[in-house]
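In: Got a sequence here, can you build the structure:
(one chain, ligands or ions: 1)
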Amino acid sequence: MEDQKLPCVLIDCIGEKHGVYEDHAEVLKEHFCLITMKEYNENKTILGKKIRAIYMWYHKPVINEELLQSLPNLKIVASSGVGIDHLDLNLLSRYGVKVSNTPFIVSTDTADLGMALMLASSRRLVEGYQMAVSPDTEYFPANWLGAEVSGATLGIVGMGTIGYKVAERAKAFEMKILYHNRKQRNKEEENAVGAIYCKKIDDLLQQSDFVMLAVNLTPQTHKLIGKRELQLMKPTATLINISRGLVVDQDDLVEALQNKVIKAAALDVTYPEPLPRDHPLLKMENVLITPHIGSATKKTRLLTMENMTESIQAALTNRPIPYEVLL
Ligand SMILES: O=C(O)[C@H](O)CO
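Out: Numbering: from 1, shown residues only. Below you'll find the model as predicted:
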């Protein structure tokens, strides 16, 4: 806790494993008086009245009704990243609290990671690395083969900002691009990247060598990919998930991978995160998992902090919030 003349903003913690980066905290302290959860918990009655914003850095601190009740002057929750599935918007709206996120800036990195997962999985980079560093110097077996990405068919489920950036990258790889959007078709974008619209997701699933999930998690996309959808995919296909774990029925995915219904999966997201250490997905050779790092680059994290700062400042001075999430 620093300058008491600045507006008080609640954060989870600084540094540590999940906290706000120390260099970001230094910048934030120029604008706000930062109160960590630990400080707040030690002095709820006094600090609770002073807190005017929550700086929610990658889903922390967790916001529940009890916390909201003890923050009578809370104006805004500024949440990092684009996904807002971790927030109860109705609850926040009942407490008159505005919400902001940081869309757009995360798209490029997330699309890059989608491509990285597709390439790493198809060309078996992790296995290749393990082989290259193994003590066996005669490591290269004649039957070592990956699958080609260039020229293959990519099906993008959810052609929003991230999906479109994936398509732009896939175009450079001379891929055939299919896409499915539940709500709207965007002919201009479609033409720009040479993508083919599939009105039915089933058509996309049946034709794609790689299926990349880039949808938001909503009640409509919850477990969108389950047993039926996996069975529609080619046995040689790979499922790539850069959206949210819960867009896939994970038990059905495990079964499909075990029974070779599909060839492989590359997942930046799972549920829960992290997976329990004995989870079957962690033991499969045809599964590549990264720890939800879609937007985890230095530049994007910095922009995220700047977007969140702008939104908090706007809310506290009654100006339009640049990245407001509307109910
Ligand atoms: O939603 C996002 O931007 C990322 O997945 C981090 O939550």
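In: can you list the residues of this protein near the ligand?
Out: Within reach of the ligand by CB under 6 Å from any ligand atom, the chain has these residues: 58, 81-83, 106, 294-295. C-beta here means a position set from N, CA and C on the backbone, and glycine is covered the same way.
In: which one of these sits closest to residue 156?
Out: For these, the residue nearest residue 156 by CB to CB is residue 294; the value is 14.8 Å.
In: Neighbours of that closest one, how many?
Out: Counted with other CB atoms under 10 Å, the neighbours of residue 294 add up to 25.
In: Likewise for residue 237?
Out: Residues lying near residue 237 (other CB under 10 Å) number 24.
In: From residue 138, how far off is it?
Out: 33 Å (CB to CB, to the nearest Å).
In: likewise residue 193?
Out: Distance from residue 193 to residue 138, counting by CB to CB: 44 Å.
In: Residue 77 should be in a strand, yeah?
Out: Yes. Counting by DSSP: H, G, I helix; E, B strand; the rest coil, residue 77 is found in a strand.
In: Nearest residue to it in space, please, no chain neighbours.
Out: Spatial nearest neighbour of residue 77, chain neighbours left out: residue 54 (4.6 Å); criterion: CB to CB, 6 or more residues apart in numbering.
In: Test my guess that that neighbour contacts residue 7.
Out: No. Here residue 54 does not reach residue 7: they are 11.9 Å apart, not a contact under CB atoms under 8 Å.
In: Give the residue from these two that has the larger number of neighbours.
Out: Between residue 54 and residue 7, counted using other CB under 10 Å, residue 54 has the larger neighbour count: 27 against 18.
In: which ones are touching that one?
Out: Applying CB atoms under 8 Å, 6 or more residues apart in numbering to residue 54 gives the contacts 9-11, 61, 63, 71, 74, 76-78.
In: which residues sit against the helix or strand encompassing residue 166?
Out: Taking DSSP states H and E as the definition, residue 166 sits inside helix 161-172. The contact list for helix 161-172 (CB under 8 Å, 6+ apart) reads 82, 103-104, 106-108, 110-112, 114-115, 154, 156-157, 159, 177, 179, 189, 193-195, 212, 214-215, 242.
In: quick one: residue 240 and residue 115 touch, right?
Out: No. With contact defined as CB under 8 Å, residue 240 does not reach residue 115; the gap is 9.2 Å.
In: Looking at these two, which is more packed in?
Out: Counting neighbours by other CB under 10 Å for residue 240 and for residue 115 shows that residue 240 has the greater number, 29 against 20.
In: between residue 193 and residue 138, who's got more neighbours?
Out: Comparing residue 193 with residue 138 by other CB under 10 Å, the one with more neighbours is residue 193, at 20 against 5.
In: separation between the more buried one and residue 320?
Out: Distance check for residue 193 against residue 320: by CB to CB, it reads 32 Å.
In: ok, and the helix or strand in the chain with the lowest average confidence?
Out: Here the helix or strand of the chain ranked lowest by mean pLDDT, DSSP states H and E is helix 125-132, holding a mean of 90.
In: got a list of what residue 300 touches?
Out: 105-106, 108-109.
In: Can I take it that it is in a helix?
Out: Yes. Residue 300 forms part of a helix when assessed by three-state DSSP.
In: With adjacent residues omitted, what lies nearest to it?
Out: Nearest-residue entry for residue 300: residue 109, 5.0 Å, with adjacent residues in sequence omitted and distances by CB to CB, 6+ apart.
In: contacting residues around the one you found?
Out: Contact analysis of residue 109 by CB under 8 Å, 6+ apart lists 294-297, 300.
In: Would you format those residues as TSV with pLDDT included?
Out: Shown next, in TSV, are the contacts of residue 109 (pLDDT from 0 to 100):
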residue	pLDDT
294	97
295	95
296	96
297	97
300	97
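In: ok so residue 54 is a strand residue?
Out: Yes. Applying three-state DSSP, one finds residue 54 inside a strand.
In: For it, name its beta-bridge partners.
Out: Note on residue 54: beta-bridge partners by DSSP bridges are residue 10, residue 77.
In: Dump the contacts of residue 109 into JSON lines; add distance to residue 315 and secondary structure as well.
Out: Listed next are those as JSON lines, based on distance: CB to CB, whole Å; DSSP: H, G, I helix; E, B strand; the rest coil:
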{"residue": "294", "distance to residue 315": "26", "secondary structure": "coil"}
{"residue": "295", "distance to residue 315": "23", "secondary structure": "coil"}
{"residue": "296", "distance to residue 315": "26", "secondary structure": "coil"}
{"residue": "297", "distance to residue 315": "27", "secondary structure": "coil"}
{"residue": "300", "distance to residue 315": "22", "secondary structure": "helix"}
